[in-house]
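Undergrad: quick one: sequence plus predicted model below, questions after.
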Amino acid sequence: MTQEIEAGKASDGKKFIRKHWKTVAVFAAAAISAFIGAVYVFLWFVGNAQSTGLVPATLNMWTMGNMVSFILYAIFWELVLIGIPAAVCAILGWQWWKRLPDEEKKENLFGKRSRSTGAGGAVGPLFFIAFAIKVYVDGNWNMPIASWTLDYVVNSMITILVWIAAIFAIPVAIAVIWWIHHDTNKKP
């Protein structure tokens, strides 16, 4: 029974693609072009970042300031040269989808979506931002990263973990104390 339903869903998807093959082909080509363009833009930016002096040519001379500037400028150029055209294509795709008949949209073309509830992808960038703040506070912003010792990096990581614990532990402690106080004041 479930195999018949899955086969029906697959045939609905195949019918949809057969009916709208030109549009699907255009959006597939646009996605492939955006990926290739993003790689080329990044390679172009890396070459220019070194030649313009934004970053030193050797990695052992990079500072935290160089790293943050490099990341921010790379994001800027990717957004300007790839992100804006991709957003325009996404808007055109959405407009095309809105104009489809309701019968085609209601068909379960792509199956059930699974929704992830984890936020594991946010931890790395937030940890990097906290590390950059720690380096700035310590006065090592313009020091070459190669001059840092392992002790400095490990102690910085431990300090960041303490900061995170303090940031989350204080509100949690206040909430627990409030809940206990509120729960004990209830009359039976």
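TA: That came through fine. Predicted, not measured: the structure shown is a model, and the values here were computed from it.
Undergrad: centroid-nearest residue for the chain?
TA: residue 121 (6.9 Å; C-alpha atoms, centre = their mean).
Undergrad: in the helix or strand where that residue lies, what's buried?
TA: In the assignment (DSSP states H and E), residue 121 maps to helix 120-138. Neighbour-count burial for helix 120-138 flags 130-132, 134-135 (criterion: 16 or more other C-beta atoms under 10 Å). Every C-beta, even on glycine, is put in place using the N, C-alpha and C of the backbone.
Undergrad: and what of stretch 54-73?
TA: So stretch 54-73, judged by 16+ other C-beta under 10 Å, has buried residues 55, 62-68, 70, 73.
Undergrad: out of those, who's nearest residue 161?
TA: Nearest to residue 161 out of the buried residues of stretch 54-73 is residue 64 (C-beta to C-beta; 19.0 Å).
Undergrad: which residues are in contact with that closest one?
TA: 132, 135-136, 140-143, 145 (C-beta atoms under 8 Å, 6 or more residues apart in numbering).
Undergrad: roughly how far does the residue lying closest to it once chain neighbours are set aside sit from residue 84?
TA: Excluding its sequence neighbours, the residue lying closest to residue 64 (C-beta to C-beta, 6 or more residues apart in numbering) is residue 135, at 4.6 Å. Counting by C-beta to C-beta, to the nearest Å, the separation of residue 135 from residue 84 is 32 Å.
Undergrad: would you indicate which residues of the helix or strand residue 163 falls within are buried?
TA: Applying DSSP H and E as the criterion places residue 163 in helix 150-184. Buried residues in helix 150-184, counted by 16+ other C-beta under 10 Å: 156, 160.
Undergrad: so which elements touch it?
TA: The contact analysis (3 or more C-beta pairs under 8 Å, 6 or more residues apart in numbering; DSSP states H and E) places helix 150-184 against helix 120-138.
Undergrad: below-threshold pLDDT in the protein: ranges please.
TA: When residues are selected by pLDDT under 70, those of the chain lie in 1-12, 107-120, 187-188.
Undergrad: apply 80 and report the result again.
TA: The chain contains residues with pLDDT under 80 at 1-17, 59, 102-122, 183-188.
Undergrad: and residue 142, helix, strand or coil?
TA: Following DSSP: H, G, I helix; E, B strand; the rest coil, we place residue 142 in the coil state.
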